[in-house]
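# Predicted model and sequence follow; I will ask about them next.
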Amino acid sequence: MTRSWQIKDTDTDAALGLSRGIRCHPLIGSLLIQRGITTAAAATAFFHPSLASLANPFDLADMGTAVQRVTQALVNKENILVFGDYDTDGVCATAILVGFLRQAGADPLWHLPHRITEGYGLAPGHIDQVALPGGIGLVITADCGSASHEAIALAKSRGIDVIVTDHHQVSPPLAPALALVNPQRPDCDSGLTHLSGSGVAFFLVLALRKHLRELGFWNHGAEPNLKNHCDLVAIGTIADMVPLTADNRILARAGLEVLCQAPKPWLQALRQDGTLSDPMITSRDVAFRLAPRLNASGRLDHAGNSLNFLLAQDLATSLPLAALLNRLNSRRQDLEKAIWDDINNLIRTHPGLEREPTLVMADPFWHEGVLGIAAGRLAKQMGKPVVLISTKSGMGKGSARSVAGIDLFRAMTMSADFIQRYGGHEMAAGLTLEPAMIPGFAQTFSKAVVFLRGTTTPAPDPVLVDGCLQPAAISEALVNELEWLEPFGVGNPEPVFMAEGVKVDHFRRMGNAHWQLRLSGGSAAPVLEAVWFNPPAAKPPARFKRIAFHLGRNRWNGKNAIRLFIQAGEP
């Protein structure tokens with residue numbers, strides 16, 4: 001479908017005034033104005049986020065109860081179980097909790113469910129088959145648990161307390177946990193709904209450390225430096241695509257600083273195997289190198305591989321686990337491509353599918369572990385919510401992804417009569433349903449989306465451009481200043497620039513689906529390196545009328561060259 005191109009409106013005078021006030025490139029001033037940053041003081045705070053500015057963790061509902069109960073468990077040497085989700089955010093949240101509890105002298109058990117055989121979330125079977133045999137007195141969930149009413153009630157009847165840490169949307173009534181620490185609960189006035197699961201887990205350990213300090217708990221041992229856990233918060237936050245604003249920006253920026261220091265064995269292993277060859281780690285590296293590897297294990301094997309990797313105490317343990325995650329990620333890419341090709345072939349032969357308000361498809365051969373990635377790419381390409389369902393196991397197990405302006409969780413709720421189980425948030429959700437219910441679900445879900453959107457016509461997101469930037473104007477100084485805006489993600493998107501009349505001097509394929517190009521914009525312009533991941537055609541034209549691109553660096557195998565990351569192009 002054809003995408004429109006739009007250049008964002010900017011108050012040019014305000015942008016120029018701000019850039020002069022903070023002595024930066026006028027383009028940086030324009031980007032700050034677009035983000036609502038209009039004063040030099042606000043710009044300075046944005047460029048230098050501080051952990052000291054984090055919100056008070058005790059503002060979260062039930063945080064005081066949770067802290068008191070974990071403290072009791074630590075003092076009394078109770079057996080604690082940390083139960084997490086199998087995605088990157090859940091694995092990182094689990095690692096944060098397990099790591100802190102170990103620093104506090106506990107030896108917690110942990111459990112991450114198998115995506116295929118156990119499914120998402122804390123279930124009654126986990127209480128009887130994991131918690132009870134382990135002599136567990138306290139269960140702490142990580143990035144899950146808000147919807148686990150039955151399991152939590154069973155735990156309570158067995159004399160086991162449950163503390164939920166989660167960030168997914170909550171439907172009343174609240175689960176009967178001892179403490180439900182979730183900023184999404186309707187009675188939580190913390191204003192922290194932007195937090196990821198890792199962020200909520202980190203706020204719990206922040207509150208715990210403070211309370212334990214007041215009790216003199218650390219008098220006989222070193223108090224943990226919690227900034228060292230921010231690397232995991234950054235990975236979980238960026239991977240889960242929550243807004244990189246407010247506390248999330250502070251945590252992600254601090255986490256990237258920790259990642260660049262590479263103190264932990266798992267990060268040393270990724271440097272040694274070449275996954276991360278440059279000391280400078282950016283949000284792009286987290287999104288496209290770290291998170292997919294951690295995620296692949298939970299999608300195709302068991303997320304415990306990723307958790308063991310993050311908790312490893314030495315390089316000898318980390319290296320074979322890094323190799324395993326790399327292999328699983330390569331297999332994930334192959335499976336995802338096969339699904340992507342299947343669906344695009346079907347769309348080409350049935351062009352009417354593009355005009356439908358949603359895309360709901362099912363197949364008995366798809367691997368359910370990679371459906372979410374394919375659904376996300378399709379939703380972005382087609383401009384509408386996409387639900388992909390695998391019926392391989394005899395049940396329909398699917399992943400859904402949405403687009404801006406359509407609350408996916410609400411659309412699922414409006415279609416709940418056809419769904420056995422579902423959960424998620426505005427942009428991403430998972431569901432389980434009987435295969436016979438898929439046609440009825442597809443019809444009802446489509447009607448729900450039309451109601452929420454107000455039209456039956458899907459519209460691919462426009463190519464939204466922050467400003468015009470010709471190759472001749474690209475410089476090292478500008479790229480350096482753009483890095484002040486890091487980390488990029490939802491709520492602080494990586495700037496997109498437009499260049500016109502760009503010539504393709506050289507082109508070659510990267511793998512099966514990507515391009516590597518050399519571009520120039522005229523006789524006086526420098527030749528610039530560019531890449532385009534998953535381009536829409538077999539080869540580029542000799543000249544583009546215009547391209548939209550991110551501006552960054554190629555930090556690979558010792559290189560540190562300016563690189564354009566092409567997002568769209570018009571021949």
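Cool, the structure landed. Computed from a predicted structure; not experimentally measured.
# in the stretch 301-450 of the chain, which spans are helices?
304-311, 315-349, 371-382, 408-414, 438-453 (DSSP state H, counting those that start in this stretch).
# average model confidence for the longest one?
Put plainly, it is helix 315-349. Average pLDDT, helix 315-349: 92.
# Kindly check the end-to-end length of stretch 99-109 for me.
Stretch 99-109 has its terminal residues 11 Å apart, counting by C-alpha to C-alpha, to the nearest Å.
# mean confidence score for it?
97.
# and what of stretch 293-303?
Rounded mean pLDDT across stretch 293-303 is 94.
# do stretch 85-94 as well
On average, stretch 85-94 scores 96.
# buried set for it?
Within stretch 85-94, the residues that qualify as buried by neighbour count (16 or more other C-beta atoms under 10 Å) are Asp85, Tyr86, Asp87, Thr88, Asp89, Gly90, Val91, Cys92, Ala93, Thr94. Just so you know, the C-beta spots here come from the backbone N, C-alpha and C atoms, and that holds for glycine as well.
# what pairs with the lowest-mean-pLDDT helix or strand in the chain, and is each one parallel or antiparallel?
None of the helices or strands of the chain scores lower by mean pLDDT, DSSP states H and E than strand 421-424, at a mean of 84. Partners of strand 421-424 in the sheet, by DSSP bridges, are strand 428-433 (antiparallel).
# related to what we said a few turns ago, mind putting the buried residues of stretch 85-94 into TSV with distance to Gly569?
Converted to TSV, the buried residues of stretch 85-94 look like this (distance: C-beta to C-beta, whole Å):
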residue	distance to Gly569
Asp85	37
Tyr86	37
Asp87	32
Thr88	30
Asp89	33
Gly90	37
Val91	36
Cys92	35
Ala93	39
Thr94	41
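# where exactly do the strands run in the stretch 151-300 of the chain?
161-165, 179-181 (DSSP state E, counting those that start in this stretch).
# what's the closest of those strands to Gly394?
Closest of the strands of the stretch 151-300 of the chain to Gly394 is strand 161-165, at 30.7 Å (criterion: C-beta to C-beta).
# and that closest one, what other elements does it pack with?
helix 63-75, strand 138-142, helix 149-157, strand 179-181, helix 197-214 (3 or more C-beta pairs under 8 Å, 6 or more residues apart in numbering; DSSP states H and E).
# Give me whichever of these is most buried.
Among these, strand 138-142 has the highest mean neighbour count (mean count of other C-beta atoms under 10 Å), at a mean of 29.
# In the longest strand along the chain, which residues are buried?
In the chain, taking DSSP state E as the definition, the longest strand is strand 497-510. Using 16+ other C-beta under 10 Å as the test for burial, strand 497-510 gives Phe497, Met498, Ala499, Val502, Lys503, Val504, Phe507.
# likewise stretch 255-262?
Under 16+ other C-beta under 10 Å, the buried positions of stretch 255-262 are Gly255, Leu256, Val258, Leu259, Ala262.
# thinking again about what came up before, now distance to Lys227 and mean pLDDT too, for the helices and strands packed on strand 161-165, in TSV please.
Formatted as TSV, the helices and strands packed on strand 161-165 follow (distance: least, C-beta to C-beta, whole Å; pLDDT from 0 to 100):
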stretch	distance to Lys227	mean pLDDT
helix 63-75	20	98
strand 138-142	20	98
helix 149-157	33	98
strand 179-181	21	98
helix 197-214	10	98
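# out of these, nearest to Phe533?
Across the helices and strands packed on strand 161-165, closest to Phe533 is helix 197-214 (C-beta to C-beta), at 26.1 Å.
# Trp268: what's it in contact with?
To be clear, residue 268 is Gln; Trp isn't right here. Ala262, Leu315, Ser318 (C-beta atoms under 8 Å, 6 or more residues apart in numbering).
# Wait, the second one touches Leu270, no?
No: counting by C-beta atoms under 8 Å, Leu270 is not a contact partner of Leu315; they are 10.9 Å apart.
# check contacts around Gln103.
Per C-beta under 8 Å, 6+ apart, neighbours of Gln103: Pro224.
# make that Pro458, sorry
Met1, Glu354, Arg355, Glu356, Pro357, Thr358, Met382, Gly383, Lys384.
# How about Gly398?
Ala362, Glu368, Leu371, Val387, Leu388, Ile389, Ser390, Gly430, Leu431, Thr432, Leu433.
# change it to 6 Å
Applying C-beta atoms under 6 Å, 6 or more residues apart in numbering, we find Gly398 in contact with Val387, Leu388, Ile389, Leu431.
# do the same with Leu324
Asn305.
# likewise Leu270?
Leu276, Ala322.
# again, only using 8 Å
Leu276, Arg289, Leu290, Arg293, Ala322.
# Ala442 too?
Here Ala442 is in contact with Thr358, Val360, Val387 (criterion: C-beta under 8 Å, 6+ apart).
# same thing with Gly216?
Here Gly216 is in contact with no residue (C-beta under 8 Å, 6+ apart).
# How about Phe100, nearest residue that isn't a chain neighbour?
Leaving aside its sequence neighbours, Phe100 sits nearest to Val205 (C-beta to C-beta, 6 or more residues apart in numbering; 4.2 Å).
# Next, work out how far apart that neighbour and Ala436 are.
46 Å (C-beta to C-beta, to the nearest Å).
# what's the closest non-adjacent residue to Ser146?
Per C-beta to C-beta, 6+ apart, closest to Ser146 is Asp166, 4.5 Å.
# Next: Gly369.
Arg299 (3.4 Å).
# Give me the contact list for stretch 235-244.
So stretch 235-244 is in contact with 87-93, 143, 167, 194-199, 248, 251-252, 255, 283, 286-287, 290-291, 294-295, 427-428, 487-492, going by C-beta under 8 Å, 6+ apart.
# start to end distance for that stretch?
Stretch 235-244 end-to-end distance (C-alpha to C-alpha) = 12 Å.
# now the buried residues of stretch 85-94 as a markdown table including distance to Arg20 and secondary structure?
Below are these laid out as a markdown table (distance: C-beta to C-beta, whole Å; DSSP: H, G, I helix; E, B strand; the rest coil):
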| residue | distance to Arg20 | secondary structure |
| --- | --- | --- |
| Asp85 | 47 | coil |
| Tyr86 | 50 | coil |
| Asp87 | 45 | coil |
| Thr88 | 41 | helix |
| Asp89 | 41 | helix |
| Gly90 | 46 | helix |
| Val91 | 46 | helix |
| Cys92 | 41 | helix |
| Ala93 | 43 | helix |
| Thr94 | 48 | helix |
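# closest one to Leu60 among the helices of the stretch 301-450 of the chain?
Nearest to Leu60 among the helices of the stretch 301-450 of the chain is helix 408-414 (20.8 Å), distances taken as C-beta to C-beta.
# same for that closest one, what does it pack against?
So helix 408-414, by 3+ C-beta pairs under 8 Å, 6+ apart, packs with strand 396-401, strand 421-424, strand 428-433, helix 438-453.
# Which positions within that helix qualify as buried?
Under 16+ other C-beta under 10 Å, the buried positions of helix 408-414 are Leu408, Phe409, Arg410, Ala411, Met412, Met414.
# May I see the buried residues of stretch 411-429?
For stretch 411-429, by 16+ other C-beta under 10 Å, it's 411-412, 414-415, 418-419, 422-425, 427-429.
# give the contact list for Gly92.
Heads up, residue 92 is Cys, not Gly. Applying C-beta under 8 Å, 6+ apart, the residues near Cys92 are Gly197, Ser198, Leu232, Val233, Ile235, Gly236, Ala239, Leu294, Leu310.
# residues near the closest residue in space to it that isn't next to it in sequence, how many?
Take Cys92 and drop its neighbours on the chain: the residue closest to it by C-beta to C-beta, 6+ apart is Gly236, 3.6 Å away. Gly236 has 37 neighbouring residues, counting by other C-beta atoms under 10 Å.
# what's the answer for the one 10 residues further on, then?
Under the neighbour criterion other C-beta under 10 Å, Ala246 is assigned a count of 17.
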